[in-house]
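Engineer: need a 3D model of the following:
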Amino acid sequence: MAKPTLSFVCQSCGAAYSKWSGRCESCGEWNSIVEEKPLSDGPAKKALKGRGRRVALTDLATKEAPPPRTRSGMEELDRVLGGGLVPASAVLVGGDPGIGKSTLLLQAAASFARAGLSVIYISGEEASAQVRLRAARLGLTDAQVRLAAETSLRDILTTLDEERPDLAIIDSIQTMWADNVESAPGSVSQVRAASHELTSFAKKRGSSVILVGHVTKEGQIAGPRVVEHMVDTVLYFEGERGHQFRILRSVKNRFGPADEIGVFEMTGAGLAEVGNPSALFLSERGSPAPGSVVFAGIEGTRPVLVEFQALVAPSPHAQARRSVVGWDGGRLAMILAVLESRCGIPFAGLDVYLNVAGGMKISEPAADLAVAAALLSAREDVGLPPETVVFGEISLSGALRPVGQMENRLKEARKLGFSTAILPTGGKSGGTGGMALNQMSDLAGFVGDVFGAG
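Structural biologist: As a prediction, this is how the structure comes out:
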């Protein structure tokens with residue numbers, strides 16, 4: 001029998017090496033490479049023998065009924081899942097510690113139990129008494145949710161196989177321990193093995209499984225990326241501890257649209273759903289000030305209005321600061337370079353601070369024009385009219401490019417009382433509904449018309 005080979009695996013990103021090294025070349029982490037045995041030493045250099053069964057083939061025109069779904073009654077959660085929970089599906093939920101993952105999933109477990117599903121909640125981080133205390137605080141003790149505090153993967157799979165629940169929630173996958181893998185709980189091999197076994201159980205037995213995953217300091221789910229490929233849906237629970245808003249974002253969904261979001265508000269009674277996130281994000285705006293611009297964005301299939309806040313001040317240091325919260329810092333540097341190169345507006349020697357109000361994170365390029373407007377408003381100390389929304393993409397040449405779903409953006413802005421929109425020329429905007437459209441073709445024209453400069 002061949003001696004099992006050893007490999008050295010980074011515990012942060014899952015990269016494998018033939019020998020130990022102090023620093024992982026893939027992710028840059030120090031002292032994260034650990035010696036591990038492979039999951040199995042399968043047959044070496046042996047061809048498959050025997051004849052298998054013939055696989056049924058279909059064409060692309062074959063029509064199949066959509067998968068059945070069970071709605072939880074939590075509209076924001078059902079929206080992110082694509083319309084409800086699909087049987088035999090595996091869902092991975094990640095988020096920062098203390099952000100509210102356990103609270104959200106306990107509320108979801110109670111909602112699905114009240115909808116008629118058989119639900120088991122297994123906690124590897126808290127005792128059953130702690131989960132019951134949280135359930136009592138949230139008013140969920142009447143829901144028929146069965147609890148267990150266990151980390152042994154073998155015992156958990158045996159229990160699930162005997163009980164055959166409709167939904168099993170595992171909190172968290174990093175605490176699960178498989179006795180056939182010789183490494184510590186939370187290591188790459190353990191996380192991969194536990195995820196594989198639980199996902200296989202979901203597919204074979206028809207039960208849905210929700211896995212909770214820890215995240216790294218970069219905000220990515222810890223462990224090998226193969227875990228995200230195993231599951232059907234990957235959700236991120238985002239939010240700042242200083243804000244009461246929480247965003248449940250879908251980044252992968254085999255049964256529905258990706259990039260969909262659900263908005264929740266953290267209250268003393270748990271997470272409350274937010275049906276109109278635009279009104280919530282703008283509720284604390286007050287009277288507009290220089291540097292404040294409202295952006296009409298799209299998150300998944302829903303329009304969301306958020307406020308960009310900018311502050312430009314003389315820098316006391318030789319190296320000016322560029323601080324960004326809720327947006328891409330590299331994109332901010334690009335917009336500053338375009339403003340200086342194409343419009344002749346320098347930001348050298350000026351500290352620039354940019355913030356998305358409410359703890360929201362924006363990633364779409366359609367926010368370029370709103371960011372530029374906020375920077376110019378702060379630099380010139382001139383506020384935009386309070387009833388104005390801004391959106392558009394800026395190219396390196398200084399031209400403004402139209403963005404998608406303009407009609408939905410304008411409709412949401414009009415619903416919240418905005419009467420003017422600054423947007424790029426072109427694009428399909430449909431009916432304006434009485435809104436005044438100020439269309440611009442390039443950034444220089446925008447600077448001249450709106451701020452009288454350039």
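Engineer: find the nearest non-adjacent residue to Arg69, please.
Structural biologist: What sits nearest to Arg69 in space, not counting adjacent residues and going by Cβ to Cβ, 6 or more residues apart in numbering, is Gly84, at 3.2 Å. C-beta coordinates here come from the backbone N, C-alpha and C atoms, glycine included.
Engineer: pretty sure that neighbour sits against Pro66.
Structural biologist: No: look at Gly84 against Pro66 with Cβ atoms under 8 Å: they stay out of range, at 10.8 Å.
Engineer: neighbour count winner among the two?
Structural biologist: The residue with more neighbours, out of Gly84 and Pro66, is Gly84; 19 against 8, by other Cβ atoms under 10 Å.
Engineer: what stretches of the chain score poorly on pLDDT?
Structural biologist: For the chain, the stretches flagged by pLDDT under 70 are 1-6, 36-49, 217-224, 284, 286, 427-433, 453-454.
Engineer: so which residues of it form helices?
Structural biologist: Under the criterion DSSP state H, the chain carries helices at the ranges 75-81, 101-114, 128-138, 153-163, 188-205, 226-230, 277-281, 329-343, 368-380, 406-415, 443-451.
Engineer: list the buried residues in the first one.
Structural biologist: By 16 or more other Cβ atoms under 10 Å, the buried positions in helix 75-81 come out as Glu76, Leu77, Asp78, Arg79, Val80, Leu81.
Engineer: what is the neighbour count of Ser172?
Structural biologist: 22.
Engineer: excluding chain neighbours, what is closest to it?
Structural biologist: Val212 is the one closest to Ser172 (Cβ to Cβ, 6+ apart), at 3.9 Å.
Engineer: distance check, the one you found against Val234.
Structural biologist: 12 Å (Cβ to Cβ, to the nearest Å).
Engineer: hmm, back to that, out of the helices of the chain, which is closest to Gly359?
Structural biologist: helix 277-281 (9.0 Å; Cβ to Cβ).
Engineer: list residues touching both of Val212 and Val234?
Structural biologist: Gly94 (Cβ atoms under 8 Å, 6 or more residues apart in numbering).
Engineer: and the buried residues of helix 75-81, which is closest to Gly239?
Structural biologist: Looking across these and measuring by Cβ to Cβ, the closest to Gly239 is Glu76, at 13.3 Å.
Engineer: residues contacting the nearest residue to the closest one once chain neighbours are set aside?
Structural biologist: Leaving aside its sequence neighbours, Glu76 sits nearest to Gly262 (Cβ to Cβ, 6+ apart; 3.2 Å). Going by Cβ under 8 Å, 6+ apart, Gly262 touches Glu76, Leu77, Arg79, Val80, Ile247, Leu248, Glu273.
Engineer: check which residues of stretch 260-279 are buried.
Structural biologist: 260-266, 270-271, 273-274, 276-278.
Engineer: got it, and stretch 117-127?
Structural biologist: Those would be Leu117, Ser118, Val119, Ile120, Tyr121, Ile122, Ser123, Gly124, Glu126, for stretch 117-127 by 16+ other Cβ under 10 Å.
Engineer: and if you look at stretch 290-305?
Structural biologist: 290-300, 302-305.
Engineer: could you export that stretch as CSV, CA atoms only?
Structural biologist: Extracted C-alpha coordinates of stretch 290-305, given in CSV (Å, rounded to 0.1, in the frame of the first residue of the first chain):
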residue,chain,number,x,y,z
PRO,A,290,-22.5,70.9,-0.2
GLY,A,291,-21.1,67.5,-1.0
SER,A,292,-24.4,65.7,-0.7
VAL,A,293,-25.8,64.0,-3.8
VAL,A,294,-28.6,61.5,-4.2
PHE,A,295,-27.8,58.5,-6.5
ALA,A,296,-30.5,56.4,-8.2
GLY,A,297,-29.0,53.0,-8.2
ILE,A,298,-30.1,49.4,-9.1
GLU,A,299,-29.5,46.5,-6.7
GLY,A,300,-30.5,43.3,-8.4
THR,A,301,-34.0,44.0,-9.8
ARG,A,302,-35.0,46.8,-7.4
PRO,A,303,-34.1,50.5,-7.6
VAL,A,304,-32.5,51.9,-4.5
LEU,A,305,-31.8,55.6,-3.8
